[in-house]
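Participant: Let's see this in three dimensions:
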Amino acid sequence: DKALREVAREKTAASMWLKLESLYMTKSLANRLCLKQQLYTFKMTESRTATEQLADFNKILDDLENIEVKLEEEDKALLLLNSLPKSFEHFKDAILYGKDQDITLEEVQTSVRTKEMQKQQASKSEDNG
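Facilitator: Modelled structure (predicted):
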């Protein structure tokens, strides 16, 4: 494992932690901009499961949070909604325009997972029928 090789020479837990931080939590401008670009250009596809892609999206958010980039909850939710594939267009509209209160990332993610399960069930029904 690459991370293990990187810290193998360190003698204390504290020095290992500092080494890992320096390797993986770089707060440089280039790193911050790269992560922001990944977030703002993130697009989900039909060829992978929503669960896999939500994990990718959450990893980008976690990486940004680790370098102290703060994003509003509503902005995270909107970025995720805008990353959805074309087949989710009506779903996206229902979430965006069918609410009178704030929208949260957790709410959008839960709805996306539910929608994916419904699609899978419909597909199974078609295959069996």
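
Participant: need the contact list for Cys95.
Facilitator: I think there's a mix-up here, since residue 95 is Ile and not Cys. Leu81, Ile103, Glu107, Val108, Ser111 (CB atoms under 8 Å, 6 or more residues apart in numbering). The way it works is simple: take the backbone N, C-alpha and C, and place the C-beta from them, glycine included.

Participant: Select only the buried ones of those in PyMOL?
Facilitator: Only the buried entries of the contacts of Ile95 go into this PyMOL selection, using 16 or more other CB atoms under 10 Å:
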select buried, resi 81+103+108+111
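
Participant: How far does the helix ranked longest in the chain sit from its chain's centre?
Facilitator: When the chain is parsed with DSSP state H, its longest helix is helix 105-128. Distance of helix 105-128 from the chain centroid (CA atoms, centre = their mean, to the nearest Å) equals 18 Å.

Participant: likewise stretch 19-34?
Facilitator: 18 Å.

Participant: From the opening residue of that stretch to its closing one, how far?
Facilitator: With CA to CA, to the nearest Å applied, stretch 19-34 spans 21 Å between its terminal residues.

Participant: Rounded mean pLDDT for it, please.
Facilitator: Mean per-residue pLDDT for stretch 19-34: 79.

Participant: Buried residues in it, which are they?
Facilitator: By neighbour count on 16+ other CB under 10 Å, the buried set for stretch 19-34 is Lys19, Arg32.

Participant: Which SSE is immediately downstream of the lowest-mean-pLDDT helix or strand in the chain?
Facilitator: In the chain, no helix or strand scores lower on mean pLDDT, DSSP states H and E than helix 2-7, which sits at a mean of 78. Next in sequence after helix 2-7, counting helices and strands by DSSP states H and E, comes helix 13-24.
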